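Engineer: please work out how this folds:
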Amino acid sequence: MDKLKGQKMTQYRWTICAMLFLATTINYMDRQVLSLTWKDFIAPDFHWTDTDYGNIAAVFAIVYAIANLFSGRFMDWIGVKKGYVWAIAIWSIGACMHALCGVATMWHLNLGSTQEMIEATGNVALAVSTVSAYCFIISRVVLGIGESGNFPAAIKVTAEYFPKKDRAFATSIFNSGSTIGALVAPLSIPLLARYFKNLGVGNGWEMAFILIGALGFVWLGAWLFIYQKPEECKHVNEAELAYIQQEEETPDSAAKREEDEKAIPFLKFLTFPQTWAIFLAKLVTDGVWWFFLFWTPAYISDVYGLSSDNPTAIMLIFTLYAITMLAIYGGKLPTIIMNRTGQLAYDARLKAMLIFAVIPLLTLFAQPLGKYSYWFPILLIGLAGAAHQSWSANLFSVASDLFPKKAVGTMTGINGLAGGIGSYCINKYSGQLFDYADQTQLTFLGFEGKPAGYFIVFCYCAVAYVVGWCCLKVLVPRYKPVKG
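Structural biologist: Numbering: from 1, shown residues only. Okay, here's the model as predicted:
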């Protein structure tokens, strides 16, 4: 230990964190291409309704959820270097496959051109919407299977490269890639689609899928050269390795490492209250973020008549996700609480998460204030999105607080399963609700039609986090790590 005192610590763990950030950014850009193009570019080609889009988004969510269950276990088994390669290769292929859906639909229905598909009526139009929806579903299934590997791998890498006290901050940094992806997407994807449509390259949206999907292959090449386990990496010196492994340098370190290496049988996870606390907290809250992600462009189009490539709509979505960048400080709050109070990581995290659970209550005012300006709902949704990302970063870290390292990938997969189920429900039933509200001119608290439908969903989004926090507090009221 003496020789480490004068050694300047390397900072390679932040290079790894940057790679996780980039992977998450690409991950979210790939899933955003559809939400930013379906209403104004894709739906006119295929005669889609909100229900069609909701079903496609819902299937993606449930496949993503189920795949999360296995991807976490897969990452624990194969290791994150190879596992990440498989994950990003599959999801990048899936992203590019979307571009072929129009051709596949025309081929299946023996249609001679895109124009013939667009001008179809009656049963032919119904067949076009049905077949095209199934083609997109197949592409979303491949995308969902691949994307499910991102967070289990990233959380596992974070547990390898960061001590417990820094994990929430590191997680908030790479998790902010979801915000950056969502931030960059509206500035690029609709404009790419419009540019290629004007050039006459398909209908534009096809090239948007291909170009964004190709980014994953670039990241994959870099990952193969950059990642190694910290104890094997030549870029990590002894001082940094000691910092990373600081919690293990105790009289019980050998026993702790041995415990961490023990695999927990999958069914045994179902017996832990810690598992159900995390599962339920994720189940009721994750769909909120996916709703904002998949439906905000449609909300702006439906309620305010602004298409996704309209400069005002682009600025609105950009502003929304710019606000969510505040979430990067959310991962730091538990560390601040720990430093000031000396509390354990879990207890400090729970205090911070209560703050993040209260902020989304502002969403209750989004639709009423939207009567005066479309900026009000965007600002409030942005604050709720920032609170969600802070909540999510800490909820991911709760798994590494309560479970041994060997089980973190599996627990993160279970976490993803819960989030996917929540997303499936909110996407599927939101699409049906919006079509129903539009057809029947549903009224709710002074709003009529689709605005009433959006207000109903906003009310759920507002209270979901308080419910999720109560699940954590009731099932695991204080720090109690799992003993495999």
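Engineer: which residues in the chain form strands?
Structural biologist: 443-444, 447-448 (DSSP state E).
Engineer: need the ones you listed in a markdown table (columns: distance to K483).
Structural biologist: C-betas here are computed from N, CA, C, even on glycine. As requested, the strands of the chain are exported to a markdown table (distance: least, CB to CB, whole Å):
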| stretch | distance to K483 |
| --- | --- |
| strand 443-444 | 49 |
| strand 447-448 | 52 |
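Engineer: what about the nearest residue to F444 once chain neighbours are set aside, neighbour count?
Structural biologist: In space, and not counting its chain neighbours, F444 is closest to A452: 3.9 Å by CB to CB, 6 or more residues apart in numbering. Each residue near A452 was counted by other CB atoms under 10 Å, and the total is 21.
Engineer: now A452: how far from A399?
Structural biologist: 38 Å (CB to CB, to the nearest Å).
Engineer: remind me which residues of this structure are low pLDDT?
Structural biologist: 1-7, 247-263, 328, 484 (pLDDT under 70).
Engineer: the residue nearest to F444: what's it in contact with?
Structural biologist: A452 makes contact with A437, L442, T443, F444, L445, according to CB atoms under 8 Å, 6 or more residues apart in numbering.
Engineer: before we move on, what about Y374?
Structural biologist: Per CB under 8 Å, 6+ apart, neighbours of Y374: I300, V303, Y304, L306, L316.
Engineer: which pair in those residues spans the largest distance?
Structural biologist: Greatest spacing in these, by CB to CB: V303 and L316 (11.3 Å).
Engineer: have a look at those two and say which one is more surrounded.
Structural biologist: Ranked by neighbour count (other CB under 10 Å), V303 and L316 place L316 first, with 24 against 17.
Engineer: my read: the more buried one touches L306, true?
Structural biologist: Yes. The pair L316 / L306 is scored as a contact, 7.4 Å apart, by CB atoms under 8 Å.
Engineer: joint contacts of these two?
Structural biologist: I300, Y374.
Engineer: settle this for me: K332 is touching R167, isn't it.
Structural biologist: No. Taking contacts as CB under 8 Å, K332 lies outside contact range of R167: 11.6 Å.
Engineer: between the two, tell me which one has more neighbours.
Structural biologist: A direct count of neighbours by other CB under 10 Å for K332 and R167 places R167 higher, at 26 against 17.
Engineer: quick check, that one in contact with S397.
Structural biologist: Yes. Using CB under 8 Å, R167 is in contact with S397, at 5.1 Å.
Engineer: okay, buried residues for stretch 339-351 please.
Structural biologist: Q343, A345, Y346, D347, A348, R349, L350 (16 or more other CB atoms under 10 Å).
Engineer: what does stretch 102-112 give?
Structural biologist: Quick answer for stretch 102-112 (16+ other CB under 10 Å): G102, A104, T105, M106, L109, L111.
Engineer: just name the closest of those residues to L143, please.
Structural biologist: A104 (15.6 Å).
Engineer: so what's that closest one up against?
Structural biologist: Applying CB under 8 Å, 6+ apart, the residues near A104 are V131, C135.
Engineer: cool, and H235?
Structural biologist: So, once contact is read as CB under 8 Å, 6+ apart, H235 ends up touching T10, Y12, T15.
Engineer: most neighbours out of those, which is it?
Structural biologist: Most crowded among the contacts of H235, counting by other CB under 10 Å, is Y12 at 20 neighbours.
Engineer: measure the residue nearest to that residue when sequence neighbours are not counted to A18 for me?
Structural biologist: Computed as CB to CB, 6+ apart, the closest residue to Y12 that is not its neighbour in sequence is H235, at 4.2 Å. Distance, H235 to A18, by CB to CB: 13 Å.
Engineer: thinking again about what came up before, let's see which of the buried residues of stretch 339-351 end up in helices.
Structural biologist: Cross-referencing the buried residues of stretch 339-351 against helices under DSSP state H gives A345, Y346, D347, A348, R349, L350.
Engineer: was I right about the second one contacting A399?
Structural biologist: No. In this structure, Y346 sits apart from A399 without contact. The criterion is CB under 8 Å, and the distance is 10.8 Å.
Engineer: name the nearest of the contacts of Y374 relative to T171.
Structural biologist: So of the contacts of Y374, ranked by how close each gets to T171 (CB to CB), first place is L316, at 28.2 Å.
Engineer: from N394, how far out is the closest residue to V474 other than its chain neighbours?
Structural biologist: Nearest non-adjacent residue to V474, counting by CB to CB, 6+ apart: A277, 7.8 Å away. Distance of A277 to N394, computed by CB to CB: 13 Å.
Engineer: which one of those two has more residues nearby?
Structural biologist: N394 (27 against 21).
Engineer: contacting residues around the more buried one?
Structural biologist: A168, T171, G330, G331, P334, R349, A352, M353, F356.
Engineer: equivalent analysis for G305, please.
Structural biologist: Counting by CB under 8 Å, 6+ apart, there are no residues that G305 touches.
Engineer: thanks a lot, see you next time.
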